[in-house]
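# Sequence plus the predicted model coming up.
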Amino acid sequence: MFILYNNQQLPESELRLPLHDRAFQYNDGFFETAILQDGRIRLWHSHLERIWEAAQALQLELPSCFYSGELEAKLLELVRQQGAANYGRLKLKVWRAGAGLYTPQTSQVNWLATAAPTSPAADKPLRLGICQHVRTSYTSLSHFKGPNAPLYVMAGLEKQEHDDMLLLSPQGKVAELISSNIFWLKEGVLYTPELSTGCVNGILRRNILAWCSGRSIAVQQVQHNPEELYLADAIFAANVTGIRAVASINGRDLPQQAHFMEELRNGLQI
């Protein structure tokens, strides 16, 4: 397996990271996961936008290749090397370089990219539980992936027989799923939690909101109690792998509306 480390492609076995590396010591960085399809990185410009946002929030100085077409070209070269161009998963990890304690010594970064073939996500409707042991937290870092990863690990431990778990905010409002944003339709209006609930500002979330805005579809970003979901006409989850209907929450069956989700898939070309 080959990887891309600081813009150099090398065998995975040759990667050597020191024990004082801040990726290990402090989780001082972020990651981005993208889907590869037909030789391209799906929704790449949205991913790049979130990479820039995350670096700014963490006060990281990205290398020049992150502001040109060079990064995408290098990533696609890795993708082809790994045989993942037809359909695959790409993961990019960016973290602060140097050593130091909590006070960092530099704003420069190391970065690592991996790619592997995969299969499209299943489209079977999801059975959700409601997470009881952990809750989201809204900060300047909560809208991207990485700093809050243990939260989702702990929610995953609670999942048991469910396909995914609904996470609530500290105020008990609907926030997100373990690895997806949540949306629901009610009387022609599309709802999704506000970022202030602590949810990730997902790539598909951004694109769904923009798609609806361009078609004058009413959208409300809200802080709603989970009981509101039982009154919805349809609920679905969305992340970079695609859109999936929600069939039930805590064993209570929910209505589904396949037509709207199919419109979204076609409109966003996912």
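Yep, it's here.
# List the buried residues of stretch 159-179.
Going by neighbour count (16 or more other C-beta atoms under 10 Å), the buried part of stretch 159-179 is 162-169, 173-179. C-beta: built from backbone N, CA, C; applies to glycine.
# Equivalent analysis for stretch 114-128, please.
For stretch 114-128, burial by neighbour count (16+ other C-beta under 10 Å) applies to 114, 115, 125, 126, 127, 128.
# One more: stretch 178-192?
In stretch 178-192, counting by 16+ other C-beta under 10 Å, buried: 178, 179, 180, 181, 182, 183, 184, 185, 190, 191, 192.
# The fifth one is in contact with residue 167, isn't it?
No. Between residue 182 and residue 167 no contact is recorded; they are 9.2 Å apart, counting by C-beta atoms under 8 Å.
# Please enumerate the shared neighbours of those two.
Common contacts of residue 182 and residue 167, defined by C-beta atoms under 8 Å, 6 or more residues apart in numbering, comprise residue 176.
# how about the strands in the stretch 151-270 of the chain?
Using DSSP state E, counting those that start in this stretch, the strands of the stretch 151-270 of the chain run over 164-168, 174-177, 181-186, 189-193, 219-222, 234-239, 242-249, 252-253.
# what's the shortest one in contact with?
Read that as strand 252-253. 230, 247.
# hang on, the earlier thing: distance to residue 146 for the strands of the stretch 151-270 of the chain - can I get that in a markdown table?
Below are the strands of the stretch 151-270 of the chain laid out as a markdown table (distance: least, C-beta to C-beta, whole Å):
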| stretch | distance to residue 146 |
| --- | --- |
| strand 164-168 | 17 |
| strand 174-177 | 15 |
| strand 181-186 | 17 |
| strand 189-193 | 20 |
| strand 219-222 | 23 |
| strand 234-239 | 15 |
| strand 242-249 | 22 |
| strand 252-253 | 33 |
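# Residue 136: which of those is closest?
Residue 136 sits nearest to strand 174-177 of all those, at 4.4 Å, using C-beta to C-beta.
# residues in contact with that closest one?
By C-beta under 8 Å, 6+ apart, strand 174-177 touches 128, 135-136, 164-169, 182, 193, 197-200, 223-226, 228-229, 237.
# what about the helices in the stretch 101-250 of the chain?
In the stretch 101-250 of the chain, helices defined by DSSP state H, counting those that start in this stretch lie at 149-158, 203-214, listed in chain order.
# Run the chain-centre distance for the last one.
Between the mean C-alpha point of helix 203-214 and the mean C-alpha point of its chain there is a distance of 14 Å (C-alpha atoms, centre = their mean, to the nearest Å).
# Can you mark which positions in it are buried?
203, 204, 205, 207, 208, 209, 211, 212.
# Go ahead and confirm residue 79 touches residue 38.
No. At 11.3 Å, residue 79 does not count as touching residue 38 under the criterion of C-beta under 8 Å.
# residues touching the residue nearest the centre of the chain, list them.
Residue closest to the mean C-alpha point of the chain, counted by C-alpha atoms, centre = their mean, is residue 202 at 5.0 Å. Each residue near residue 202 by C-beta under 8 Å, 6+ apart is listed here: 180, 181, 238, 239, 240.
# Could you work out the most separated pair of those?
Maximum pairwise distance among these (C-beta to C-beta): 10.6 Å, between 181 and 240.
# Which neighbours do those two have in common?
Joint contacts of residue 181 and residue 240 (C-beta under 8 Å, 6+ apart) are 202, 204.
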